[in-house]
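> What would the 3D arrangement of this be:
(chains A and B)
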Amino acid sequence: MLAFLLTLGLMLLIVIAVVYAERKVAAFMQDRMGPTEAGPHGIMQPLLDVLKLLQKEDIIPTAADKKLFSIAPILVFVAVFAGFAVIPLAPAVVASGIGIGVFYMLAIISLDVVGLLMAGWGSNNKYAMLGAMRSVAQIVSYEIPAGLAILAVVMVCQSLDFQEISFQQGALMNQFPGLEYEMNWLFGIEALGINTTTIGGITTWNIFRVPLLFVAFIIYFIASLAECNRAPFDIPEAESELVAGFHVEYSGFRFAVFFLAEYAMMVLVCLVAVVLFLGSWNTPLPNIGPFSLAYWTSGTVGELSGILWGAFWLISKTLILLFVQLWARWTYPRLRVDQLMHLCWKVLTPIALAVVLGAGIWRLLMVG
Amino acid sequence: MYRHKLRFAKLATSVKESLKLGTTIKYKTGFWSVVKSLWQGAALTIRHFRNAKNRRTPAYVSDENYFKQPDGLVTLTYPYEALPIPDNGRYRLHNEIDDCIVCDLCAKVCPVNCIIIESVKATEDIGTTSDGTKKRLHAPVFDIDLAKCCYCGLCTTVCPTDCLTMTPVYDFVEVDIKNMVYHFTDLSPEEAEEKKQLLAKQQEEMAAAKAAALAAKKQQG
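Residues are numbered from 1 along each chain as shown, chains lettered A, B, ... in the order given. From the prediction side, this is the model:
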């Protein structure tokens, strides 16, 4: 229960920060000022937006399929929020530390698509329908490269547990039950003879430990942009052509839930990217000779210092990735549907397959 | 007309030829040029993001930086900051009623009929304007409907005493459009009524005097 409230609170906090950042970043990149009126520098804007939405009338179109229409936003939100359950926030803090976390995450996130389709179909509106169709086509397609990129990590880490994958990427690795005698080598290859187990920091992050995973990270990041309907892959929402896509008929509280789910999805995919590729809650600073920077900035596992440092690093890295998402949105134009599918099936999926093969070979080198 | 057609035909053939020869615009393809162009786009937006700490200042048009604006945010928070406008800006009309001789020229020249003037002849001496013209008329109504005004400035050019001018005030929005009608008369309705009665009385007296004179003349003749 505590973990539930903690996760919910953290998610809402980050979502509100991201909504505010989105407006400010967009404004600054376009040489505008963004919100300035509500509070100092308009900092209350997202909160007041939510309050405004909650006061609005909940309109259900007469021709809509009422059951589907009203369940859809809740289903979308539940699917996304359930994904947060398996994300480790710090060495000892994880809402649900199940051993098949990665698998569960991929499965539960896919439910999102059902909610979107329900919303689009239930609205009985051509734009909503088109948006939902595009959305489903896009998300189902992009789950393949994203899933393959994650598979590469799972093959390298030999684990489906987010917490175990997190411990493997830092100087605290040997404190995880079951990994007491594991060793980290530079680029994962023992033959190079440089032991990085106690060096930690960035040298043990997955993208550094197995440089091939950097390619997987790029693939995952692009695919995750598509999965959460962000520009340049925002054709399901396409403000300028489909008005707002699948949620065009929604208003008030239900719209707020869609909005929340969308931003929560952004946060979630960035958290997963950080946990799988960018060293999770581990510090980026390595131990160098007498300066044990990694230990100084990691705290003690299970104690408050460990939780605070872990949460700090995890959230900082996540916010950086979220900034990159915003940056991409305000830089790149929207892809056409055919370009989108081309990128997915003819570019990302083949490369992801090659990366999976490469990761398998790399794993053999790591063992040998 | 024929020549245009010819030219178009020429253009069409040249386009066809260029297509045949493959000399149309070539897009750069290939992985690294795409990566480079993606990076260039990202660098452009991040440069604007970094420069967001600089802001346009409410500088006057004579300022040397007015047209430059090298980087930074271009918007001003309007009600709090505003670009200064020239002192002789030609926006809201103002009539200095003390100097007005109620000649009605402005109302006549106005292309959108936004000026309504009613005049009443003064019965007594009502002084002169600041440039020495004698005032002979009261204006019980001198209304300018700025919602209709097209800001052409014709009324200010015809005004013989220069009492009707345009001021640099441009921000005078109203919730009710009726409030866009500006009343410039210096007479209250009661005073206006009084002046009208005075005039009527004077005219009656004059008519009576005239009739008396006419009668006297008739008797004489």
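> Could you use CA atoms for every contact and neighbour count after this?
Fine.
> A:Leu357: neighbouring residues, count only.
14 (other CA atoms under 10 Å in any protein chain shown).
> Point me to the helix or strand that includes it.
helix A:349-367 (DSSP states H and E).
> C-terminal to the lowest-mean-pLDDT helix or strand in chain B, which secondary structure element comes first?
Of the helices and strands making up chain B, the lowest-confidence element is helix B:2-21, at a mean of 58, by mean pLDDT, DSSP states H and E. The element immediately downstream of helix B:2-21 (helix or strand, assigned by DSSP H and E) is helix B:31-50.
> Is that following helix in proximity to chain A?
Yes - against chain A, helix B:31-50 shows contacts by CA under 8 Å from any CA of the partner chain at B:Gly41, B:Ala42, B:Thr45, B:Ile46, B:Arg47, B:His48, B:Phe49.
> What lies in contact with that helix?
Applying CA atoms under 8 Å, 6 or more residues apart in numbering or on different chains, the set of residues contacting helix B:31-50 from outside is A:25, A:28-31, A:327-328, A:330-332, B:28, B:71-72.
> Give me the buried subset of those residues.
A:Val25, A:Phe28, A:Met29, A:Gln30, A:Asp31, A:Trp327, A:Ala328, A:Trp330, A:Thr331, B:Asp71, B:Gly72 (16 or more other CA atoms under 10 Å in any protein chain shown).
> would you turn these into TSV with pLDDT, distance to A:Ile71 and secondary structure?
Output for those, formatted as TSV (pLDDT from 0 to 100; distance: CA to CA, whole Å; DSSP: H, G, I helix; E, B strand; the rest coil):
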residue	pLDDT	distance to A:Ile71	secondary structure
A:Val25	90	33	helix
A:Phe28	90	37	helix
A:Met29	90	37	helix
A:Gln30	89	37	coil
A:Asp31	87	40	coil
A:Trp327	91	33	helix
A:Ala328	90	32	helix
A:Trp330	89	32	coil
A:Thr331	90	35	coil
B:Asp71	78	48	coil
B:Gly72	81	45	coil
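> Strands of the stretch 101-250 of chain A, start to end?
For the stretch 101-250 of chain A, no strands are identified by DSSP state E, counting those that start in this stretch.
> repeat for chain B
Here chain B has its strands, by DSSP state E, at B:93-95, B:115-121, B:137-145, B:164-166, B:181-183.
> What residue, apart from its backbone neighbours, is nearest the residue nearest the centre of chain B spatially?
Centrality entry for chain B: nearest residue to the mean C-alpha point is B:Tyr151, 2.5 Å, by CA atoms, centre = their mean. Leaving aside its chain neighbours, B:Tyr151 sits nearest to B:Tyr91 (6.6 Å; criterion: CA to CA, 6 or more residues apart in numbering or on different chains).
> Same check on A:Asn184?
A:Thr197 (4.5 Å).
> My guess is the one you found contacts A:Gly188. True?
No - in terms of CA atoms under 8 Å, A:Thr197 does not count as a neighbour of A:Gly188; the distance is 10.4 Å.
> re the thing from before, farthest pair within the contacts of helix B:31-50?
B:Lys28 and B:Gly72 (31.6 Å; CA to CA).
> Remind me what the longest helix along chain B packs against, helices and strands.
For chain B, the longest helix by residue count, based on DSSP state H, is helix B:189-220. In terms of contacts (3 or more CA pairs under 8 Å, 6 or more residues apart in numbering or on different chains; DSSP states H and E), helix B:189-220 is packed against strand B:115-121.
> quick one: contacts of the strand it packs on?
Taking CA under 8 Å, 6+ apart as the rule, strand B:115-121 contacts B:102, B:104, B:106-107, B:136-145, B:195-196, B:199.
> Buried residues in the longest helix of chain B, which are they?
Buried residues in helix B:189-220 (16+ other CA under 10 Å): B:Ala192, B:Lys195, B:Lys196, B:Leu198, B:Leu199.
> And those residues, which is closest to chain A?
Closest to chain A out of these is B:Ala192 (48.1 Å), distances taken as CA to the nearest CA.
> ok, and the closest non-adjacent residue to that closest one?
Leaving aside its sequence neighbours, B:Ala192 sits nearest to B:Pro140 (CA to CA, 6+ apart; 5.3 Å).
> count of residues packed around the one you found?
By other CA under 10 Å, neighbour count at B:Pro140 equals 23.
> was I right about it contacting B:Glu194?
No - counting by CA under 8 Å, B:Pro140 does not reach B:Glu194; the two are 10.4 Å apart.
> What's the local residue count around the closest residue to chain B within the stretch 101-250 of chain A?
In the stretch 101-250 of chain A, no residue comes nearer to chain B than A:Pro232, which is 11.8 Å away by CA to the nearest CA. Using other CA under 10 Å, A:Pro232 is surrounded by 21 other residues.
> Now do the domain split for chain B, please.
Domain assignment for chain B by automatic domain parsing gives B:42-84, B:93-188.
> Please list the residues of chain B that sit near chain A.
Residues of chain B lying near chain A by CA under 8 Å from any CA: B:Gly41, B:Ala42, B:Thr45, B:Ile46, B:Arg47, B:His48, B:Phe49, B:Ala52, B:Gly72, B:Leu73, B:Val74, B:Thr75.
> After the least confident helix or strand in chain A by mean pLDDT, heading C-terminal, what element do we hit next?
For chain A, using mean pLDDT, DSSP H and E, the weakest element among its helices and strands is helix A:239-242, scoring a mean of 70. Helices and strands here follow DSSP H and E; after helix A:239-242, the next one along the chain is helix A:252-277.
> Give me the helices and strands touching that following helix, please.
Helix A:252-277 packs on helix A:2-29, helix A:45-55, helix A:66-84, helix A:126-157, helix A:162-168, helix A:206-209, helix A:212-227, helix A:304-329, going by 3+ CA pairs under 8 Å, 6+ apart.
> Buried residues in the third one, which are they?
By that I understand helix A:66-84. For helix A:66-84, by 16+ other CA under 10 Å, it's A:68-70, A:72-81, A:83-84.
> ok, and which of those residues reach chain B?
Among those, no residue lies close to chain B (CA under 8 Å from any CA).
> quick check, nearest of the residues you listed to chain B?
For the buried residues of helix A:66-84, the nearest to chain B is A:Val80 (29.1 Å; CA to the nearest CA).
> Pull up the distance across stretch B:84-97, start to finish.
Using CA to CA, to the nearest Å, the span of stretch B:84-97 from its first residue to its last is 28 Å.
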